[in-house]
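# The amino acid sequence is not available; the structure is as follows:
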């Protein structure tokens, strides 16, 4: 009697779904990809005992070598402010983890400046990169074990803000404006408590010329109290003094 052919050959077997690259990269696997960008950073930040962060946002085009650029001074002022904040945060020496660790989007410009300043102070520093059509490599000042890469913008935004106790918005373009207004809206609608997050616009001349906040109040688009959701500062020392006071209050 002829032996029956097996109904399924070895080549027909599939890996378990969680090992199957074709499934993981499919439309049906998107939920798992999103979940991994939530759980992965959480596990790594917990392992590094990062309690809270200070987030720097601003132009990726700020060039530390081009003194003719309008953004040149902002690069070095961001570097100095990050240095002051990191140096102060290190001095707190909390036994149960690290507070007020400098965090950026990992790229060049203002992001590099902030990571650079924190590194100069001897602190660990976080970089949350995003995969783009033109690859953006993490700047060299990000602490290697705290270098993250995201596919989804909204998951990157979540982690940039989730542990932040302060957000400092330096001059920038569309991306910076997007991040500023999203955070501002979360504060305005109390999705983030203003008692838990200090928001600073750095560079008064730039921001007042770009956005007519007073005009928005006059036209009834926003309330006068909405302008209290953020503070405008124009020097590293001014911003540091304000943030040190606010952040000390968060520590209790």
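All right, it came through fine. Since this is a predicted model, take the numbers as computed values, not measurements. Numbering: from 1, shown residues only.
# What ranges does the protein have for its helices?
Ranges of helices within the chain are 21-24, 30-47, 72-92, 110-120, 153-162, 174-188, 204-210, 213-218, 236-251, based on DSSP state H.
# among the ones you listed, which is nearest residue 136?
helix 110-120 (9.6 Å; Cβ to Cβ). In short, each C-beta sits where N, CA and C put it, glycine included.
# Residues touching that closest one, excluding its own?
Residues outside helix 110-120 that contact it (Cβ atoms under 8 Å, 6 or more residues apart in numbering): 56-60, 62, 64, 71, 74-76, 78-86, 101-102, 104-106, 124-125, 127, 139, 141-143, 170, 172.
# Quick check: mean pLDDT of that helix?
Helix 110-120 shows a mean pLDDT of 98.
# tell me the angle that helix makes with helix 174-188.
Angle, helix 110-120 to helix 174-188, by axes from the mean of the first three to the mean of the last three Cα atoms, to 10 degrees: 70 degrees.
# and the helices of the chain, which is most packed in?
helix 110-120 (a mean of 28; mean count of other Cβ atoms under 10 Å).
# From residue 172, how far out is the residue lying closest to residue 191 once chain neighbours are set aside?
Among residues not flanking residue 191 along the chain, residue 185 sits closest, at 8.0 Å (Cβ to Cβ, 6 or more residues apart in numbering). Using Cβ to Cβ, to the nearest Å, we find residue 185 at a distance of 18 Å from residue 172.
# Which helix or strand in this structure has the lowest average pLDDT?
Here the helix or strand of the chain ranked lowest by mean pLDDT, DSSP states H and E is helix 21-24, holding a mean of 70.
# I appreciate the help and will end here.
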